[in-house]
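**Q** curious how this folds, go ahead:
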Amino acid sequence: MKQQLKVVAIVPSAGKGERMGKKKEFLLLGDKPILAHTLKPLENHPQISEVILVIDEKSVEKCKRVIVEKYGFKKVKEVVAGGEERQDSVYNGLKRVAKDCDIVLIQDGVRPFLTEDLITRSIEEAEKHKAAVVAVPCIDTIKFARKENDMALETLDREYLWMAQTPQTFRYEIILRAYEKAGEEKFRGTDDASLVERMGIAVKIVRGSYDNIKITTPQDLILAEAILAKREEQGLEGIRRDERGG
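**A** Numbers count the residues shown, from 1 in each chain. Presented below is the predicted three-dimensional model:
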C-alpha cells in the first residue's frame with residue numbers, strides 16, 4: 001500500500017496592499033474575506049496535512065482572530081510574520097515546515113478561486129516531476145522591447161508563452177534548497193518556480209484557469225465579484241469542467 005505523502009501548504013499574504021490602498025486579504029469578497037476563500041479548499045482537501053499562513057507582522061493577531069478562528073480553519077497550524085518582500089515571506093514559511101514533509105504547495109493568499117481539483121493535480125505533478133506550476137496559455141500578443149525607449153524589437157511566439165499562477169508545488173527538499181541558494185546568492189525571482197529553474201530543474205506546467213486571478217487592484221476586486229457570482233451559479237462541477245478545458 002502506497003504511503004500517503006505529507007503535504008504542507010504555505011500561504012503568503014504579507015503584502016502591503018499599496019495598489020489597493022488597504023490590506024487585501026481582509027477585504028470582503030461576497031460575504032467572506034478574500035483570504036477565507038483561499039484557505040477553504042486547502043482546509044477541505046484530504047491531502048493537505050497543514051497550512052502555514054504568512055502575514056505581515058502587524059496583522060498576525062488580527063488574522064488569527066478574524067480569519068482562522070472565526071471560520072474554523074483547523075489545518076492552519078501557524079500564522080507567522082512575513083518579510084520585506086514575497087520571497088522573504090515564503091522563506092519564513094519554509095523554515096517552519098517540519099523535516100518529514102514531502103511536498104510543499106505555495107498558494108498566494110489573494111488568489112481566492114483555488115479549487116480542490118487544482119490542488120490535486122498540482123500535487124500529482126509535483127510528485128512525478130519534482131516541481132509544478134499552475135499556468136494558463138498567454139492569449140495576448142507579447143512584444144519584446146528596449147527598456148530605455150520602449151521601442152518594440154520583436155513579437156514573441158505565443159505558442160511557447162504561459163502566464164504563471166499559483167499554486168506552485170515542489171518536493172520539499174528542492175524548494176528549500178532553491179530558497180537557500182537564492183538567499184546565499186542574493187537572487188530575487190519573480191515567483192517560486194524561477195528559483196527552482198535556475199538550479200537546472202525543469203518545472204512541469206499544470207494547466208490552470210483564467211478565473212484563478214490574483215487580486216491586487218480595485219478593478220481586480222470587481223472582476224472577482226463577477227467570477228464569484230458565475231461560479232455560484234454554475235456550481236462546482238462547472239468549475240471542474242472549465243479547469244480541464246471542457
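**Q** please report phi then psi for the closest residue in space to Val90 that isn't next to it in sequence.
**A** Nearest in space to Val90, with sequence neighbours left out and distances taken as CB to CB, 6 or more residues apart in numbering, is Pro12 at 5.2 Å. Any C-beta I mention is one placed from the backbone N, CA and C, and that applies to glycine too. Torsion angles at Pro12 (phi, psi; degrees, to the nearest 10) stand at phi -80, psi 130.
**Q** per-residue pLDDT, Pro12?
**A** For Pro12, the model assigns a pLDDT of 97.
**Q** any idea how far it is from Leu176?
**A** Per CB to CB, to the nearest Å, Pro12 is found 15 Å from Leu176.
**Q** for Val51, give me phi and psi.
**A** Main-chain torsions, Val51, degrees, to the nearest 10: phi -130, psi 130.
**Q** correct me, but it touches Lys77?
**A** Yes. Look at Val51 against Lys77 with CB atoms under 8 Å: they come within range, at 6.8 Å.
**Q** more neighbours: these two, which one.
**A** Shown here are Val51 and Lys77; by other CB atoms under 10 Å, Val51 has more neighbours (24 against 14).
**Q** mind listing the strands for this structure?
**A** 7-13, 28-29, 32-33, 48-55, 76-81, 103-106, 131-137, 142-145, 152-156, 162-171, 204-207 (DSSP state E).
**Q** neighbouring contacts of the second one?
**A** The one in question is strand 28-29. 34, 37, 112, 215, 221, 224-225, 228 (CB atoms under 8 Å, 6 or more residues apart in numbering).
**Q** can you put those in a markdown table and add neighbour count and pLDDT?
**A** Listed next are those as a markdown table, based on neighbours: other CB atoms under 10 Å; pLDDT from 0 to 100:
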| residue | neighbour count | pLDDT |
| --- | --- | --- |
| Ile34 | 24 | 97 |
| His37 | 23 | 97 |
| Pro112 | 28 | 97 |
| Ile215 | 27 | 96 |
| Leu221 | 18 | 95 |
| Ala224 | 23 | 97 |
| Glu225 | 13 | 97 |
| Leu228 | 18 | 96 |
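**Q** so which of the residues you listed are in helices?
**A** Using DSSP state H, the members of the contacts of strand 28-29 that fall in helices are 34, 37, 221, 224-225, 228.
**Q** out of the strands of the chain, flag the one nearest Lys70.
**A** Lys70 sits nearest to strand 32-33 of all these, at 9.0 Å, using CB to CB.
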